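Got a predicted structure here, sequence first:
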Amino acid sequence: MRALYLFSVWLHVLAAIAWVGGMAFLVLVVVPWLRGSGQANAVAFLRETGARFRAVAWVCFGIVLLTGTTNLWLRGVRMRDVVDPAWLASPFGVAVLAKLAVFVVVLGLSAVHDFVVGPRATAAMAAGARMPEALRLRRWASWIGRANTLLALLLVALGVILVRGWPW
């Protein structure tokens, strides 16, 4: 069981690295490049990069969900614990619930960004980057991406708290 737990944690961390690292690449490399490039190249690159990363990110979400559930189960957390007020009030229970809540928000924001706002923004940019609709959608996509990046960092912090405990 210990080997399975270690493998599951390893896979969980690896999926999180791929997801968070991909977002960091987009924010720190792709977006600055897009601001300084020609519009035709920028829109095509954004559309292609977004589609490829979207596939990677959603696979990572699936792996994180599966391994996170497995990790909790291998640590002895059962469904009855999630409805037990004493467990819910424990530092570990609070951290688990916080991580799950943030993960659900990330999934929701990612779905809106990846399947609604992002595709509409790139289509509007391809039609005319200076159109008010294109600018509005681009701003929304940017804010959702930033929010998800911050929430991803919060998930990493909560993962550390699950293993090491709260700092106070």
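Structure received.

Export stretch 1-11 to PDB, keeping only CA atoms.
The C-alpha coordinates for stretch 1-11 follow below in PDB (Å, rounded to 0.1, in the frame of the first residue of the first chain):
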ATOM      1  CA  MET A   1       0.000   0.000   0.000                       C
ATOM      2  CA  ARG A   2       2.900   2.400   0.700                       C
ATOM      3  CA  ALA A   3       4.200   2.000  -2.800                       C
ATOM      4  CA  LEU A   4       0.800   2.700  -4.300                       C
ATOM      5  CA  TYR A   5       0.400   5.800  -2.100                       C
ATOM      6  CA  LEU A   6       3.900   7.100  -3.100                       C
ATOM      7  CA  PHE A   7       3.200   6.400  -6.800                       C
ATOM      8  CA  SER A   8      -0.200   8.200  -6.500                       C
ATOM      9  CA  VAL A   9       1.400  11.200  -4.700                       C
ATOM     10  CA  TRP A  10       4.100  11.300  -7.400                       C
ATOM     11  CA  LEU A  11       1.600  11.200 -10.200                       C
END
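
avg pLDDT for that stretch?
What stretch 1-11 shows for mean pLDDT is 95.

what does that stretch contact?
63, 67, 70-71, 74-75 (CB atoms under 8 Å, 6 or more residues apart in numbering). For glycine as for every other residue, the C-beta is placed from the backbone atoms N, C-alpha and C.

now swap in stretch 159-168 and tell me
Residues from elsewhere that reach stretch 159-168 (CB under 8 Å, 6+ apart): 16, 91-92, 95-96, 99.

Select from the contacts of stretch 1-11 the one having the most neighbours.
Counting neighbours by other CB atoms under 10 Å, Thr67 leads the contacts of stretch 1-11 with 21 neighbours.

what's it in contact with, if anything?
8-9, 11-12, 15.

Could you find the closest non-adjacent residue to Leu88?
Leaving aside its sequence neighbours, Leu88 sits nearest to Leu97 (CB to CB, 6 or more residues apart in numbering; 6.6 Å).
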